[in-house]
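In: with the input below, show me the fold.
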Amino acid sequence: MAMVKPASTTRNPASAQSSLETLALIDHSSELTLNIATPVGKKFRCHTTFIGIHSNTYILTELPSSSGGNTQTFFQPGFWCNVKAISHRGEGAFIYFRSQLLHVLTKPIPMAVMSIPEGVKLTPLRKEARYQIKLPGFIQFDNSKVECEIRDLSKSGCCFSTALLAKKLYEGDYAIILLKLGAQEIRVEGKICNIQRNTPHRIDHGFELTDKGKASIRPLLEHLDINGTKIILDQASEATPESNHE
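Out: Numbers count the residues shown, from 1 in each chain. Alright, predicted model coming up:
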């Protein structure tokens with residue numbers, strides 16, 4: 001099957017370069033949300049995995065697994081889709097753009113080829129600075145306790161990761177993060193606000209703290225220190241997971 005030519009044949013080089021620079025903020029293997037519309041107005045929403053950019057000309061993604069033949073029906077060359085991605089670099093951002101499906105492969109590797117967008121919209125993921133950090137802990141929910149790692153932290157939220165095969169959380173779930181600060185146990189209450197698979201081995205979760213969670217996180221923030229370019233805990237108050245877990 002011949003590849004569909006992008007609808008715009010008079011691409012602005014400056015806008016294309018700007019789009020490429022923004023798309024570079026999307027990590028390989030991270031999740032994309034696609035909203036595909038057919039020429040007759042039918043719509044399909046799905047999640048897939050970002051592979052990367054090829055030769056600064058095409059976006060490559062995996063084909064999502066879907067029951068009912070939706071992938072075959074909606075992943076057609078020429079169809080347009082609105083794409084959302086999440087970048088956790090720096091302060092983090094939601095990335096939105098519109099792209100055209102140019103080619104769809106099913107063998108030997110299921111893959112979609114999409115156009116580079118003319119423009120990309122960025123909106124801040126967070127309203128305040130977050131500190132990059134690595135703290136082991138546990139996330140407690142639904143009578144379960146799962147190992148996690150705090151990857152960044154602020155006074156009102158954090159990002160934590162769990163193993164790919166760990167029990168799943170969902171957006172809107174309320175949970176408690178358990179940490180140890182010296183001999184003190186810290187219980188941080190909050191709600192899952194977004195979920196992103198950024199690598200093949202882990203799932204990242206955006207965690208918005210409740211008022212009680214904001215109060216309980218303050219002692220931990222007070223013990224953060226700068227070691228070169230990294231944020232660490234004071235040696236005397238290093239956080240470790242609880243020793244007893246399920």
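
In: how near is His201 to Phe50?
Out: Distance, His201 to Phe50, by Cβ to Cβ, to the nearest Å: 16 Å. Quick note: C-beta positions are derived from backbone N, CA and C, even for glycine.

In: oh, that last question was meant for Glu149, not what I typed.
Out: From Glu149 over to Phe50 the distance is 22 Å, taken as Cβ to Cβ.

In: quick revisit: so which of His201 and Phe50 has more stuff around it?
Out: Neighbours were counted for His201 and for Phe50 using other Cβ atoms under 10 Å; Phe50 has more, 21 against 11.

In: does the more buried one lie in a helix or a strand, and which?
Out: Using DSSP states H and E, the element containing Phe50 is strand 43-54.

In: distance check, the residue nearest to the spatial centre of the chain against Gly172.
Out: Taking Cα atoms, centre = their mean, the centroid of the chain lies closest to Gln196, which sits 3.1 Å from it. Distance of Gln196 to Gly172, given as Cβ to Cβ: 15 Å.

In: do His47 as well
Out: Relative to Gly172, and taking Cβ to Cβ, His47 is found at 16 Å.

In: who has more neighbours out of the two?
Out: His47 (13 against 8).

In: where does Lys212 land in three-state SS?
Out: helix (DSSP: H, G, I helix; E, B strand; the rest coil).

In: could you check the pLDDT of it?
Out: Lys212 is assigned a predicted lDDT (pLDDT) of 94.

In: and the residue nearest to it when sequence neighbours are not counted, what does it touch?
Out: Using Cβ to Cβ, 6 or more residues apart in numbering and skipping the chain neighbours, the partner closest in space to Lys212 is Glu189 (5.1 Å). For Glu189, the residues meeting the contact criterion (Cβ atoms under 8 Å, 6 or more residues apart in numbering) are 174-176, 209-210, 212-213, 216.

In: tabulate those residues (CSV), appending distance to His103.
Out: Formatted as CSV, the contacts of Glu189 follow (distance: Cβ to Cβ, whole Å):
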residue, distance to His103
Tyr174, 43
Ala175, 41
Ile176, 46
Leu209, 44
Thr210, 47
Lys212, 51
Gly213, 47
Ser216, 51
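
In: what's the ChimeraX syntax to select whichever of those are buried?
Out: In ChimeraX syntax, the buried subset of the contacts of Glu189 is picked out as below (16 or more other Cβ atoms under 10 Å):
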select :175,176,209,213,216
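
In: and which of the contacts of Glu189 is nearest to Phe138?
Out: Ile176 (8.7 Å; Cβ to Cβ).
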